[in-house]
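Peer 1: here is the input, now give the coordinates:
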Amino acid sequence: MHIAFVSPFFPLKGGIARFSSTLHQVLLKRGHEVKAISFQRLYPRILFRGKAVYEPGISRELDNGVIPLLDLLNPLTWFSTARHIKRARPDIMVCAYWMGLLSPVYGLLRRISGAKMIVLMHNFTSHERFVAEKRLRNLLIETADGVVTLSKHVARQMEEAYPEIPVGVMFHPVYSPTGALPSREDARSKLGTDAGAPVLLFFGYVREYKGLDILIEAMPEVIRRHPGTQLVVAGEFYYGEKMFRERIDKLGIKEQVRVYAEFVSGERMPLFFCAADAVVLPYKEASQSGVVQQAYGFGCPVIVSRKGGLPEYVREGETGVVVDALDPEALAEGICGFLSNRGSIPYRENVEKYVRKLSWEAFADKLEVFVEEVIT
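Peer 2: Below is the predicted model of the structure:
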């Protein structure tokens, strides 16, 4: 097939760029002609507050077939991109969606190019809500020929709100690490964590909806019941860094919590996951999370909240723990239950077996079938 794929791609940072870049390469290997159309700019620079826009270690020389045409803040680029797609005459246009502000762009691309469009929906609603989001999403869905979701949770939201639109219920594939991985001992030595103590990992951008505040409040009880337990927080802070550091000091757990307040590049990522006994995702809301798939790629079990699509990827008591109530006491209980059972439950072996069905090839198989249904 000839596919126009509109999304952030490497070298832009973030989970959407990583997902789309990986899928792009998989589709190319399967023999499809893929025109990857990326963004010159997604957000005003002021929102980054000095943070880098591009992923460290990934060349900005776009020799991978990615064309940065779109500027979300410049409508002139929307029209020029639409004309570019129209000249290419793709069989299908796939547009990655995670926030309502993208709707006018994608709707215009669909109308001017005339290409059939599938929306690859990462989130049904934006993490940062705004008043006109529902109206904008309605405009997008009106122009779409189909929607692909990465969780059953988002698929249910779509089917309830837009029963007339075809929905392909997919999954988020697992990211398999490449190259040699550090041993647990080496990873912990480089991070400065105790070689023999339990290590919990909170990974990724620190945003309010991800529940780091709940995890911090839960740690004193976890440490009381499992002395020596350490928490590693690794990721850029988009809010509250000073607040969290002060709270950690006040709770008296500074020696047990290590904070790496920086974007973790793909090169450094293995250090954190190879050092961890479990990744903790106490999200207050979530469609799904690529962090689960990153953890599973390293064979690392997860502890998640029962929010959105997160529980879909966890086999309770086998690949991790699902915490029902979203408060420090319940989270501490869930973490302590995991730590108490990790000697008797082969979590890592279970993860390795479970992820075999969550491959990128399996995802591409399902995507191809759905696309064929839409374009015929």
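
Peer 1: which stretches in the stretch 251-376 of the chain count as strands?
Peer 2: Using DSSP state E, counting those that start in this stretch, the strands of the stretch 251-376 of the chain run over residues 257-260, 278-281, 302-305, 320-323.

Peer 1: give me the element Ile16 is part of.
Peer 2: helix 15-29 (DSSP states H and E).

Peer 1: by contact count, what packs against that helix?
Peer 2: strand 2-6, strand 33-41, strand 92-97, helix 290-297, helix 360-375 (3 or more C-beta pairs under 8 Å, 6 or more residues apart in numbering; DSSP states H and E). Heads up, the C-betas are built off the backbone N, CA and C, glycines and all.

Peer 1: looking at the ones you listed, spot the one closest to Ser344.
Peer 2: Closest approach to Ser344 among the helices and strands packed on helix 15-29 is made by helix 290-297 (20.7 Å; C-beta to C-beta).

Peer 1: what does the closest one rub up against?
Peer 2: 15, 18-19, 172-177, 201, 203-204, 269, 273, 276, 279, 281, 301-302, 304, 310, 313-314, 319, 351, 354-355, 358 (C-beta atoms under 8 Å, 6 or more residues apart in numbering).

Peer 1: restricted to helices, list these.
Peer 2: Residues of the contacts of helix 290-297 located in helices (DSSP state H): Gly15, Arg18, Phe19, Met269, Phe273, Val351, Tyr354.

Peer 1: the fifth one reaches Cys300, doesn't it?
Peer 2: Yes: at 5.3 Å, Phe273 and Cys300 qualify as touching, with contact defined as C-beta atoms under 8 Å.

Peer 1: what about Arg111, how many neighbours?
Peer 2: Burial of Arg111 is recorded as 12 neighbouring residues (other C-beta atoms under 10 Å).

Peer 1: apologies, that question was intended for His2.
Peer 2: 13.

Peer 1: how close does it get to Pro90?
Peer 2: Going from His2 to Pro90 by C-beta to C-beta, to the nearest Å gives 5 Å.

Peer 1: shared neighbours of these two, anything?
Peer 2: Lys35.

Peer 1: if we can go back for a sec, and Ala155, which of the helices and strands packed on helix 15-29 is closest to it?
Peer 2: helix 360-375 (12.0 Å).

Peer 1: quick one: list the elements packing against the closest one.
Peer 2: Partner elements for helix 360-375 (3+ C-beta pairs under 8 Å, 6+ apart): helix 15-29, strand 92-97, strand 117-121, strand 146-149, strand 167-169.

Peer 1: wait, Met158 sits on Ile165?
Peer 2: Yes: between Met158 and Ile165 a contact is recorded at 7.0 Å, counting by C-beta under 8 Å.

Peer 1: overlap in contacts of the two?
Peer 2: Val147.

Peer 1: more crowded one of those two?
Peer 2: Taking neighbours as other C-beta under 10 Å, Met158 and Ile165 compare with Met158 leading, 21 against 15.

Peer 1: ok, now which ones touch the more buried one?
Peer 2: Taking C-beta under 8 Å, 6+ apart, one finds Met121, Phe124, Val147, Thr149, Ile165, Val167 in contact with Met158.

Peer 1: per-residue confidence at the fourth one?
Peer 2: In this case it means Thr149. Thr149 is assigned 97 on the pLDDT scale.

Peer 1: identify the bridge partners of it.
Peer 2: Met121, Val169 (DSSP bridges).

Peer 1: can you get me a residue count around it?
Peer 2: Neighbour tally, Thr149, other C-beta under 10 Å: 27.

Peer 1: my guess is it contacts Met170. True?
Peer 2: Yes: counting by C-beta under 8 Å, Met170 is a contact partner of Thr149 at 6.3 Å.

Peer 1: picking that back up, can you put the strands of the stretch 251-376 of the chain in a markdown table and add mean pLDDT, distance to Arg129 and mean neighbour count?
Peer 2: Formatted as a markdown table, the strands of the stretch 251-376 of the chain follow (pLDDT from 0 to 100; distance: least, C-beta to C-beta, whole Å; neighbours: other C-beta atoms under 10 Å):
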| stretch | mean pLDDT | distance to Arg129 | mean neighbour count |
| --- | --- | --- | --- |
| strand 257-260 | 96 | 28 | 18 |
| strand 278-281 | 98 | 20 | 26 |
| strand 302-305 | 96 | 19 | 26 |
| strand 320-323 | 96 | 24 | 24 |
